[in-house]
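Q: got a structure for you, letters missing:
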Ligand SMILES: [Fe+2]
């Protein structure tokens with residue numbers, strides 16, 4: 001971080017080593033990172049070197065005059081900002097343990113339905129190497145509104161330490177300014193079926209299980225769906241997730257969305273001529289749903305190359321008068337590229353095994369334009385999709401405010417909601433964020449599973465565009481507290497002793513565990529590192545190495 005600039009390297013090394021030994025190291029070994037950004041909310045997550053009970057996020061438009069205090073008392077913090085304005089640039093910084101991070105900015109999501117979206121996507125990047133850093137820097141230069149991460153986010157085993165060294169350290173600048181919405185790769189599943197992935201990321205939980213493994217969200221007029229392909233291809237135990245539950249979620253979700261553009265992303269590719277080839281379970285279990293509900297684009301990774309299919313239908317190319325689904329492999333995020341061993345099949349429009357890069361996508365009205373941006377700035381591939389959109393709805397009239405009683409608690413937790421619309425004759429529909437909906441201006445809902453839920457109220461009235469507003473509810477398991485909700489959430493009552501750090505997410509560093517199920521179908525990562533439990537270096541040395549690399553890169 002910038003605050004290390006004034007320190008020479010030798011004293012810095014001594015400070016780090018002493019700090020880890022004494023528990024008084026730099027307060028923020030991980031830069032703040034953005035998660036679950038929406039039209040009126042954002043989560044700012046950060047990790048401290050030691051317990052700290054007075055951390056807060058200061059934020060505002062053009063200043064940092066507002067403050068949201070973290071309720072966490074340990075090293076792991078995630079502060080939820082609420083009441084934000086859509087499509088607005090916010091400045092923020094973190095105060096913790098006497099330190100203040102440099103101010104950064106991020107942009108909130110536009111109002112759902114807004115017909116202009118810019119996002120980036122890539123997978124197979126989590127090596128901690130130079131190619132990953134180049135891809136991240138290139139992506140940040142393009143300033144997408146959100147970053148869709150296609151899996152294998154932290155090689156080789158997705159351990160707690162590897163998430164720091166291979167994701168948060170090399171991509172710190174990007175993740176502090178662009179919210180990442182991820183899907184898990186097979187390498188994340190090497191360690192305890194992706195538990196460190198779940199511990200380190202804060203993702204939507206709008207499925208019936210309240211699970212972060214798969215989810216959906218709107219950004220403007222694009223509906224995104226993240227599927228955990230590990231749950232479909234035999235890498236997850238049934239207690240974690242199942243193919244049947246995911247298919248039920250995907251079908252219900254795609255049937256319900258009103259957004260005109262639908263983008264689905266997961267790790268194992270339905271169509272690929274790369275080293276791993278096509279994953280037929282993903283193709284045949286989910287392809288019919290994509291076709292039935294008009295999915296426009298499917299983004300995957302796993303193979304360390306780029307490939308774009310023709311519009312596909314079932315196991316073949318679609319006919320000229322049929323509407324097929326294009327499938328992409330965008331696996332050049334940083335891991336060692338793999339050469340194609342076979343000639344290009346007829347269904348493959350374009351493929352490349354020589355360039356790292358990311359997919360840059362702009363969706364404006366009824367046109368989606370995408371290009372594969374190489375780390376040298378060149379464009380490897382570009383294409384566009386078009387569709388007819390209905391006339392835009394009239395602009396929203398009036399205002400909609402929501403309040404929640406008892407915004408946090410222990411499962412099963414009952415939360416009460418009130419929606420107040422300024423316009424008469426308005427009807428209100430609630431989506432509680434766990435797959436359950438209800439109607440009415442005043443409603444109650446029981447959350448049965450731990451998680452952080454975004455409840456969305458949609459107010460509709462005759463002749464006017466719908467209004468939406470959200471609020472956040474945090475539900476913990478028995479005997480645990482969830483890190484840091486913002487102080488704007490009223491009625492917080494975690495039921496935990498505030499003097500006892502009881503975070504459910506493990507702290508850095510941790511010892512990787514060997515999973516009962518070994519992904520082991522490939523060996524990926526920079527330099528060809530193999531999938532399997534990794535060798536842990538001391539956390540202080542890893543952090544020092546990262547800081548030295550950062551100083552050299554300046
Ligand atoms: Fe993979």
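A: Received, thanks. Note that the structure is predicted; figures quoted are calculated from it, not measured.

Q: Identify the residue nearest the geometric centre of the chain.
A: The residue lying closest to the centre of the chain (C-alpha atoms, centre = their mean) is residue 181, at 1.9 Å.

Q: SS state for the residue nearest to it when sequence neighbours are not counted?
A: Closest residue to residue 181 apart from its sequence neighbours, by C-beta to C-beta, 6 or more residues apart in numbering: residue 148 at 5.6 Å. For the C-beta atoms, the positions are set from N, CA and C on the backbone; glycine is no exception. Here residue 148 takes the strand state, with states given by DSSP: H, G, I helix; E, B strand; the rest coil.

Q: can you pull the contacts of residue 148?
A: Contact partners of residue 148, counting by C-beta atoms under 8 Å, 6 or more residues apart in numbering, are 119, 120, 121, 181, 182, 224, 263, 265, 299.

Q: now do 6 Å
A: Residues near residue 148 by C-beta atoms under 6 Å, 6 or more residues apart in numbering: 119, 121, 181, 265.

Q: Next, format these as JSON lines and append secondary structure, pLDDT and distance to the ion.
A: JSON lines is the format used below for these (DSSP: H, G, I helix; E, B strand; the rest coil; pLDDT from 0 to 100; distance: C-beta to the ion, whole Å):
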{"residue": "119", "secondary structure": "strand", "pLDDT": "98", "distance to the ion": "21"}
{"residue": "121", "secondary structure": "strand", "pLDDT": "98", "distance to the ion": "15"}
{"residue": "181", "secondary structure": "strand", "pLDDT": "98", "distance to the ion": "18"}
{"residue": "265", "secondary structure": "strand", "pLDDT": "98", "distance to the ion": "14"}
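
Q: Quick check on those: which are buried?
A: Among the contacts of residue 148, those classed as buried by 16 or more other C-beta atoms under 10 Å are 119, 121, 181, 265.

Q: just checking, the first one touches residue 144?
A: Yes - under the contact definition of C-beta atoms under 6 Å, residue 119 touches residue 144, with a separation of 5.1 Å.

Q: Show me which residues of the stretch 201-350 of the chain sit near the ion.
A: Within the stretch 201-350 of the chain, the residues that sit near the ion (C-beta under 5 Å from the ion) are residue 302.

Q: Closest residue of the stretch 201-350 of the chain to the ion?
A: residue 302 (4.0 Å; C-beta to the ion).

Q: Assign a three-state SS to that residue, would you?
A: Following three-state DSSP, residue 302 is assigned to coil.

Q: Can you give me the neighbour number for residue 446?
A: Residue 446 has 13 neighbours, counted by other C-beta atoms under 10 Å.

Q: likewise the one 4 residues further on?
A: As a burial measure, residue 450 scores 18 neighbours (other C-beta under 10 Å).

Q: Now for it: which residues touch it?
A: The contact partners of residue 450, by C-beta under 6 Å, 6+ apart, come to 411, 475, 476, 477.

Q: quick revisit: who is the residue nearest to residue 181 paired with across the strands?
A: Here residue 148 sits in beta bridges with residue 121, residue 181, going by DSSP bridges.

Q: Do a quick rundown of the helices in the stretch 1-150 of the chain.
A: Taking DSSP state H, counting those that start in this stretch as the criterion, the stretch 1-150 of the chain contains helices spanning 9-22, 130-142.

Q: buried residues in the shortest one?
A: Using 16+ other C-beta under 10 Å as the test for burial, helix 130-142 gives 131, 132, 133, 134, 135, 136, 138, 139, 140.

Q: Report how many residues lie close to the nearest residue in space to the fourth one that is not next to it in sequence.
A: What it means is residue 134. The shortest distance from residue 134 to any non-neighbouring residue, by C-beta to C-beta, 6+ apart, is to residue 375 (4.1 Å). Close neighbours of residue 375, defined as other C-beta under 10 Å, add up to 21.

Q: doesn't residue 354 make contact with residue 375?
A: No - the criterion here is C-beta under 6 Å, and residue 375 misses it with residue 354 at 11.5 Å.
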